[in-house]
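Participant: sharing a model prediction with you, sequence too.
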Amino acid sequence: MNKRKIRISLPFIFVFFAFGLIEYRLFQLQIIQHQQFVKKAKREQIRVIDILPERGIIYDKNFKPLAMNVSSYSLYAHPGKILEPQALAESLCPILKTDKSFILKRLKKDRVFVWLARKLSLKEKRKIENLKLSGIGFVEEEKRFYPQRELASHILGFVGVDNQGLSGIEYYYNDKLKGEKGRLLLREDALGHNIPFTEVVLKKMVPGESIVLTINSTVQSIVEQELSLALEKTKAVSVEALFINPQTGEIIALANKPDYDPNNYSRYSSYAIRNRVVQSLYEPGSTFKVITASALLNKGVMDVGSKIYCSEFLRVANHTFSDWKRFEKEMSFAQVIYNSSDIGTIKAALKMGEKTFYHYITLFGFGKRTGIDLPGEAKGIVRPPSRWSRIDLPCISIGQGIAVTPLQMVVALCSVVNGGKLLRPYVVKSILNSNGKIVWQNHPVVVRKVISSSTSKKMREILKGVVREGTGKKSQVEGYSIGGKTGTAQIPSLEKRGYFPNKYIASFMGFAPVGNPKIAGIVLVKEPAGVYWGGEVAAPVFGKILQRILPYLNILPKEEKWVQVREKQ
């Protein structure tokens, strides 16, 4: 009887025990682990994403877009919803052009959401969609696009994958261009699809401001074309050029060749990407005689007609100086500059004294940054007189033993020819809000007065003579009065004292028109093959550039007949 009761009761005991287990499990799930599963559900059903704002557009001065935004598609995955990660990785890697191991590494992360690829094209997106893979999706994002490719690349710079500025204007004005990102809350169903009408804006997105540059893209293009031709013709390591409005400090054009395409900046060398006009130092050579001559005239040590005997050799301390060609005659101070006589310049500079010369060097801005609105500007190397040896003054007077940037040289030239005002250079003209309204505008800034107006007028005439009668003849442009100075500098050795043999930088810096300068600039040809004199290599490039851009800038030729000055036989 007892056995029969036990057999009858046993199922009920099992059922009761089973229900007890279920009750206990439900108690665990609903009471003890309630918060844990709520969090897990939220992780899988609720996603907060950042909404990147539309980055501001960069325009040239005529509102032609140089940097803009286009749609792109970023691929993401839900690792927990991918059953066959190996198969998915094998399918995606040919389209994404990446290793399978990279995709698998991303899929193994203990996250609900991971990026697999950013900023894909529409074509790539469609290829992936045709695979009909589960557990992945796309977010539409803005991608930075430079429609003119290499044009003004060293001014514009480039951005990273998250639209953060990494170089050029994109970096310097990143806080203005980037805007403020928003935050959006999304709810998803069990299949990972967004549930309609459940989006919640946690933070409103603010679009970036746009920038208008001082450069004209057509003028910039002309300069770059001529530099490319010069690079090919001279077989040089690089060619650089900068042009500024000497009355305002506005950058008219800035170019480095070789350059790069900011749409694919990672494919280029650091040298090609480097803005050498602003960031690289060099010894200026004879172009620095413009600074030496300005100081001598302004201080009253020399006048235009002062006579100097240019001997074959000049010994200072333990060093012997000689000229690039044998003069051995008396010349006026103006003729010394026309002919770029080292000995004539040194003899004049020795009358000035170290402290006076150093005062003018710093007054012209050397050894300090100009304040241009571009990143990475170098300040140059200018040693104080307390660290000079006896031969430093003569060396610096002819552009050796001092390191400058091309930008510093042009800014100094502007002050020489504009009446003596040292200006802050700038490349951004104005900033616009998302409605196109100007919210900030740049203006010319006079840093200080460097030389007198009368000295400036004398220097303009002397530099006009360099082009008419001296070493700069090949920079002449028919119908225009051009002033300038040639330079041929050796390249200092980085490993030991002295210079590299047979390595030179040929340069020419000049301005036009002489009577009322509207443009000033410089051309540098680094390590040309064969002929390396500034008057033979750089001056013709400068002349070709001005010949093309002066009419475009509405700088018209003189009415009087232009007379070609022939080189004396």
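Facilitator: On my side now, so go ahead.
Participant: run through the protein and note the low-pLDDT ranges.
Facilitator: 1-13, 15-21, 23-50, 80, 110-112, 186-201, 559-569 (pLDDT under 70).
Participant: break it into its domains for me.
Facilitator: 70-81+113-143, 182-206, 217-552 (automatic domain parsing).
Participant: would you format those domains as JSON lines with distance to residue 14 included?
Facilitator: (C-beta placed from N, C-alpha, C; glycine too.) Formatted as JSON lines, those follow (distance: least, C-beta to C-beta, whole Å):
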{"stretch": "domain 70-81+113-143", "distance to residue 14": "36"}
{"stretch": "domain 182-206", "distance to residue 14": "34"}
{"stretch": "domain 217-552", "distance to residue 14": "68"}
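Participant: save these as TSV, and put in mean neighbour count and distance to residue 100 too.
Facilitator: Formatted as TSV, the domains of the chain follow (neighbours: other C-beta atoms under 10 Å; distance: least, C-beta to C-beta, whole Å):
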stretch	mean neighbour count	distance to residue 100
domain 70-81+113-143	16	12
domain 182-206	12	23
domain 217-552	20	21
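Participant: looking at these, which is nearest to residue 165?
Facilitator: Comparison of the domains of the chain against residue 165 by C-beta to C-beta identifies domain 217-552 as nearest, at 8.9 Å.
Participant: can you get me the start-to-end distance on stretch 371-380?
Facilitator: Stretch 371-380 has an end-to-end distance of 13 Å (C-alpha to C-alpha, to the nearest Å).
Participant: and the contacts of it?
Facilitator: Stretch 371-380 has contacts (C-beta atoms under 8 Å, 6 or more residues apart in numbering) with 155, 157, 167-169, 171-173, 251, 275, 278-281, 366-370, 402-405, 407-408, 424-428, 447.
Participant: show me where the stretch 101-250 of the chain has its strands.
Facilitator: 114-120, 136-145, 182-187, 200-203, 210-213, 238-244 (DSSP state E, counting those that start in this stretch).
Participant: out of those, flag the one nearest residue 53.
Facilitator: Short answer: strand 182-187, nearest of the strands of the stretch 101-250 of the chain by C-beta to C-beta, at 7.1 Å.
Participant: hmm, back to that, residue 55 is nearest to which of the domains of the chain?
Facilitator: domain 70-81+113-143 (6.5 Å).
Participant: what about the closest one, start to end distance?
Facilitator: Domain 70-81+113-143 has its terminal residues 5 Å apart, counting by C-alpha to C-alpha.
Participant: centre of the chain to it, how far?
Facilitator: Relative to the chain's own centre, domain 70-81+113-143 is displaced by 32 Å; criterion: C-alpha atoms, centre = their mean, to the nearest Å.
Participant: re the thing from before, can you list the strands of the stretch 101-250 of the chain in a markdown table and add distance to residue 553?
Facilitator: Shown next, in a markdown table, are the strands of the stretch 101-250 of the chain (distance: least, C-beta to C-beta, whole Å):
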| stretch | distance to residue 553 |
| --- | --- |
| strand 114-120 | 38 |
| strand 136-145 | 29 |
| strand 182-187 | 43 |
| strand 200-203 | 46 |
| strand 210-213 | 15 |
| strand 238-244 | 10 |
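Participant: compare those strands and give me the one nearest residue 336.
Facilitator: So among those, strand 238-244 is nearest, using C-beta to C-beta, at 26.7 Å.
Participant: partner strands of the closest one and their direction?
Facilitator: strand 251-257 (antiparallel), strand 519-526 (antiparallel) (DSSP bridges).
Participant: which other helices and strands contact the regular element (helix or strand) spanning residue 486?
Facilitator: In the assignment (DSSP states H and E), residue 486 maps to strand 483-492. Here strand 483-492 touches helix 453-468, strand 499-512, helix 534-552, going by 3 or more C-beta pairs under 8 Å, 6 or more residues apart in numbering; DSSP states H and E.
Participant: and of these, who's closest to residue 323?
Facilitator: Closest among the helices and strands packed on strand 483-492, using C-beta to C-beta: helix 534-552, at 14.3 Å.
Participant: can you dump the C-alpha coordinates of that closest one into PDB?
Facilitator: Extracted in PDB, the C-alpha atoms of helix 534-552 (Å, rounded to 0.1, in the frame of the first residue of the first chain):
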ATOM      1  CA  GLY A 534      69.800  82.600 -58.900                       C
ATOM      2  CA  GLY A 535      69.800  85.100 -61.900                       C
ATOM      3  CA  GLU A 536      69.900  82.200 -64.400                       C
ATOM      4  CA  VAL A 537      67.500  79.700 -62.700                       C
ATOM      5  CA  ALA A 538      65.100  81.400 -60.400                       C
ATOM      6  CA  ALA A 539      64.700  84.900 -62.000                       C
ATOM      7  CA  PRO A 540      63.200  83.600 -65.200                       C
ATOM      8  CA  VAL A 541      60.600  81.600 -63.300                       C
ATOM      9  CA  PHE A 542      59.700  84.700 -61.300                       C
ATOM     10  CA  GLY A 543      59.400  86.700 -64.500                       C
ATOM     11  CA  LYS A 544      57.200  84.100 -66.200                       C
ATOM     12  CA  ILE A 545      54.900  84.000 -63.200                       C
ATOM     13  CA  LEU A 546      54.500  87.800 -63.100                       C
ATOM     14  CA  GLN A 547      54.000  88.000 -66.800                       C
ATOM     15  CA  ARG A 548      50.900  85.800 -66.500                       C
ATOM     16  CA  ILE A 549      49.400  86.900 -63.200                       C
ATOM     17  CA  LEU A 550      49.900  90.700 -63.300                       C
ATOM     18  CA  PRO A 551      47.200  91.300 -65.900                       C
ATOM     19  CA  TYR A 552      44.900  88.900 -64.100                       C
END
